[in-house]
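A.B. asks: Return atomic coordinates for the entry below.
(one chain, ligands or ions: 1)
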Amino acid sequence: MNDFTILENPNDLDEESRWLMEKAKESLPSAYAPYSNFRVATAVLLEDGSIITGTNQENAAYPSGMCAERVALFTVASQHPGKKIKKLLVLARLGDQLELSPATSCGPCRQVMLEFEQRQRQPFQVVMQNQQHRWVKAPSAESLLPFCFSNESLQVRK
Ligand code: THU
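C.D. replies: Numbers count the residues shown, from 1 in each chain. Next up is the predicted model:
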């Protein structure tokens with residue numbers, strides 16, 4: 001199901017998303033982005049109400065860096081194993097601009113989200129800002145990856 005909700009007004013975001021937005025903004029200073037100057041933060045809401053954040057971590061050897069989404073998700077897996085994810089929000093700030101910058105997760109991060117969704121056998125909502133600065137709510141990681149490659153592709157059919 002690809003029923004994305006696009007919100008005209010950020011105030012229309014639900015309370016949980018607004019809470020995630022605050023936590024993500026608070027964590028932005030921990031981003032390490034000296035090369036792109038594009039700081040990204042992700043806040044993940046777990047089933048028990050706890051919120052885990054992650055920020056992008058760059059490297060002089062560019063591909064060795066890591067996106068905020070995957071930092072947050074891998075932290076969830078290693079620090080809170082077995083806890084289900086309810087919602088993930090991502091936001092970004094370019095340089096010292098006051099306004100948030102659009103940040104729609106990259107392909108590899110979507111793929112990692114999909115794996116988490118399949119591991120927990122339950123979809124989770126993904127919230128991010130599109131190029132028009134509107135908040136988009138996707139119902140699942142799967143909805144962001146049409147024709148996706150997943151663990152199902154590796155299963156032998158009998
Ligand atoms: N980045 C993320 O953290 N998440 C994304 O979904 C897209 C890009 C980071 C990677 C790099 O540190 C910077 O943003 C510029 O690409």
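A.B. asks: What is the burial count for Gln118?
C.D. replies: Look at Gln118: counted by other Cβ atoms under 10 Å, it has 16 neighbours. C-beta here means a position set from N, CA and C on the backbone, and glycine is covered the same way.
A.B. asks: Stretch 60-80 near the ligand anywhere?
C.D. replies: Yes. Interface with the ligand: stretch 60-80 contributes Gly65, Cys67, Ala68, Glu69 (Cβ under 6 Å from any ligand atom).
A.B. asks: typo on my end, it should be stretch 12-28
C.D. replies: No. Using Cβ under 6 Å from any ligand atom, stretch 12-28 never reaches the ligand; the gap is at least 11.1 Å.
A.B. asks: mind listing what's buried in that stretch?
C.D. replies: Neighbour-count burial for stretch 12-28, with 16 or more other Cβ atoms under 10 Å as criterion, is recorded at Leu13, Glu16, Ser17, Trp19, Leu20, Met21, Lys23, Ala24, Ser27, Leu28.
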